[in-house]
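Enquirer: Structure here, sequence nowhere to be found:
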């Protein structure tokens, strides 16, 4: 089942550096949306289309999902796309801030608040000097 997008379109050009990120669930060769999946072959096809359409100068795709490394095993090396995954093709992305550390405004929400890779990245960014 194909999902319906928001209608928003990336309007970057060949002069732009683009950062994209996806945080959700995954499995070998796919990332999951609430009612559909995006397969590795379709994601890589989209990257190739973006490159051919000159939608970026350089691009980074940050993927936080279990088995997320499996999405990039065939990523072309000549399209100016750098992909960073939270896990290898066959490992979990490891939830963190899980019970009893899943408190929001004093209420335990019953779910992990993030995955180790993304939370570590955000916590590191909180203390980094980006000047």
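Expert: Yep, that arrived. No experiment lies behind these values; they were computed from the predicted model shown.
Enquirer: Now do the strands for this structure: every range, in order, please.
Expert: Assigned by DSSP state E, the chain shows strands spanning 17-23, 25-27, 30-32, 37-39, 58-64, 81-85, 95-96, 103-104, 107-108, 114-115.
Enquirer: most neighbours per residue, which of the ones you listed?
Expert: For those, the largest average neighbour count (mean count of other CB atoms under 10 Å) is found in strand 114-115, namely a mean of 22. Quick note: C-beta positions are derived from backbone N, CA and C, even for glycine.
Enquirer: returning to that earlier point: wait, which of the strands of the chain is closest to residue 48?
Expert: Nearest to residue 48 among those is strand 81-85; the distance by CB to CB comes to 9.1 Å.
Enquirer: Show me the domain layout of the chain.
Expert: 16-93, 94-131 (automatic domain parsing).
Enquirer: In terms of mean pLDDT, which of those domains ranks lowest?
Expert: Of all these, domain 94-131 carries the lowest average pLDDT, namely a mean of 91.
Enquirer: now do the same end-to-end measure for that one.
Expert: 31 Å (CA to CA, to the nearest Å).
Enquirer: got the buried residues for it?
Expert: 96, 97, 102, 112, 114, 115, 116, 117, 118, 119, 121 (16 or more other CB atoms under 10 Å).
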